[in-house]
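# quick one: sequence plus predicted model below, questions after.
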Amino acid sequence: MYHAISNTMQRAQKQSDTQSLYARIFTLLTTVVALVWATAVTADNPVRVQDAQGHWVELAAPAERVVALAPHIVENFYSAGAGHTLIAAVSYSNYPEQAKALPQIGNYKSVSYERLLALKPDLIVAWGSGNGDQMVHKLRRLGFQVFVTESRTLEDIPRNVRLFGQLAGTSAIADQAAAQWLARLSTLKRDHEQQAPLSVFYQVWSDPLQTLNGEHLISDVIRACGGRNTFADALVLAPKISIESVLERNPDVIIASGMGETRPDWLNDWKAYPGLKAVSNGHLFFVPPDLIQRHTFRVLDGMEIICADLRRVRAKSARSGADGSDGADGADGADGKAL
């Protein structure tokens, strides 16, 4: 009786072991098949995307080795879930934090072509108005695949993030991020519709005195906040102007960026012109350049600051009209960004 039970148990154990072995083999085979299928799908999934210059970029598979030639391109690749594809960037590519570890091959105006050749990227992403046509043409002559981007409106930012997702095979992440950002933008725009218009002088730098015209993305931000760029009619994207031209146009508000995270001292230079409405009313404001001058999702953070500044100006004007004062009591500087 004992031997019969023992033999039965041994047969059951052998049967169980055999089934377990078959299960492991089946799992291994399905895993291999899945990997082979995924590889085949990638290999048979060529990428064809049109850039801002109308040039079609064609890749046999999503890009795996990408060089970005502007800090905002780096940031947008991370937003698209494609930061892992970046192998090099240019100076000031410092956001997000992991971007600081990328090797730098120059700056947005001058790159090391020798280092690029050594890196052997399968894609270079360029900034049209920043890198310039000469650099783009040379890169293409050297045999590189170059995708050129440009952002002139707020909607161009999520559009580029989606394109980067297509190029890198991360469209699911890129599309979701873009949709969330557009929803936030829509809310901001809706909150500032039909506001009383304010003339705004946006100052990029002091020496030389420089601003931006109506084709620049920052003009789109100002419009969305209910402002009007006083130099929207300038012929070039980032014109150098004279103090006299600012005095002539006499803006309601002056917004400066500069180079760092703190308010530039040269914004105070406008105090020498008390006849300017922006000066007499204390409407001199600062926005960190990384939040407004980089064409990334963080632009909405800068837009929120500008919209809040313009809301304060309107509110103060309304109070002044109600009590009969001239409104020249200085801007509300609680956030440290106003004069």
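Perfect, thanks for sending it.

# counting neighbours, what do you get for the closest residue to Phe231 other than its chain neighbours?
Nearest non-adjacent residue to Phe231, counting by C-beta to C-beta, 6 or more residues apart in numbering: Thr211, 4.8 Å away. Heads up, the C-betas are built off the backbone N, CA and C, glycines and all. Thr211 has 23 neighbouring residues, counting by other C-beta atoms under 10 Å.

# I figured Thr211 was touching Val236, is that so?
No - applying C-beta atoms under 8 Å, one finds Thr211 not in contact with Val236, separated by 10.3 Å.

# how far off centre is the helix or strand encompassing Glu244?
Assigned by DSSP states H and E, Glu244 falls within helix 243-249. Chain-centre distance of helix 243-249: 32 Å, with C-alpha atoms, centre = their mean, to the nearest Å.

# adjacent strands (with direction) for the next helix or strand after that helix?
Later in the chain than helix 243-249, the nearest helix or strand by DSSP H and E is strand 253-256. Sheet partners assigned to strand 253-256 using DSSP bridges are listed as strand 198-203 (parallel), strand 284-286 (parallel).

# need those strands in TSV (columns: distance to Asp309, mean pLDDT and mean neighbour count).
Listed next are the strands paired with strand 253-256 as TSV, based on distance: least, C-beta to C-beta, whole Å; pLDDT from 0 to 100; neighbours: other C-beta atoms under 10 Å:
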stretch	distance to Asp309	mean pLDDT	mean neighbour count
strand 198-203	9	97	24
strand 284-286	5	98	25
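
# output those in CSV; the columns should cover distance to Ala80.
Shown next, in CSV, are the strands paired with strand 253-256 (distance: least, C-beta to C-beta, whole Å):
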stretch, distance to Ala80
strand 198-203, 28
strand 284-286, 30
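
# for these, which one sits closest to Phe144?
Across the strands paired with strand 253-256, Phe144 has its closest neighbour in strand 198-203 (34.8 Å, C-beta to C-beta).

# contacts for that closest one, please.
209-212, 218-219, 222, 226-231, 246, 249-257, 267, 278, 310, 313-314 (C-beta atoms under 8 Å, 6 or more residues apart in numbering).

# again, only using 7 Å
211-212, 218, 222, 226-231, 246, 251-256, 310, 313 (C-beta atoms under 7 Å, 6 or more residues apart in numbering).

# for Asp156, what are its contacts?
Contacts of Asp156 (C-beta under 7 Å, 6+ apart): none.

# what's the helix or strand for Ser91?
Going by DSSP H and E, Ser91 is not in any helix or strand.

# list the beta-bridge partners for the residue lying closest to it once chain neighbours are set aside.
By the measure of C-beta to C-beta, 6+ apart, the closest residue to Ser91 outside its immediate chain neighbours is Asn107, 4.5 Å from it. Under DSSP bridges, the beta-bridge partners of Asn107 are Ser110.

# doesn't Asp175 fall inside a strand?
No - per DSSP: H, G, I helix; E, B strand; the rest coil, Asp175 lies outside any strand segment and is helix.

# how about it, what does it touch?
162, 165.

# ok, now how distant is it from Leu163?
11 Å (C-beta to C-beta, to the nearest Å).

# Asn45 versus Ala52, what's the distance?
24 Å.

# the nearest residue to Pro46 once chain neighbours are set aside: neighbour count?
Nearest residue to Pro46, sequence neighbours excluded (C-beta to C-beta, 6+ apart): Ala60, at 5.5 Å. The tally of other residues near Ala60 (other C-beta under 10 Å) stands at 11.

# pass me the low-pLDDT residue ranges in the stretch 101-250 of the chain, would you?
Applying pLDDT under 70 to the stretch 101-250 of the chain flags no residue at all.
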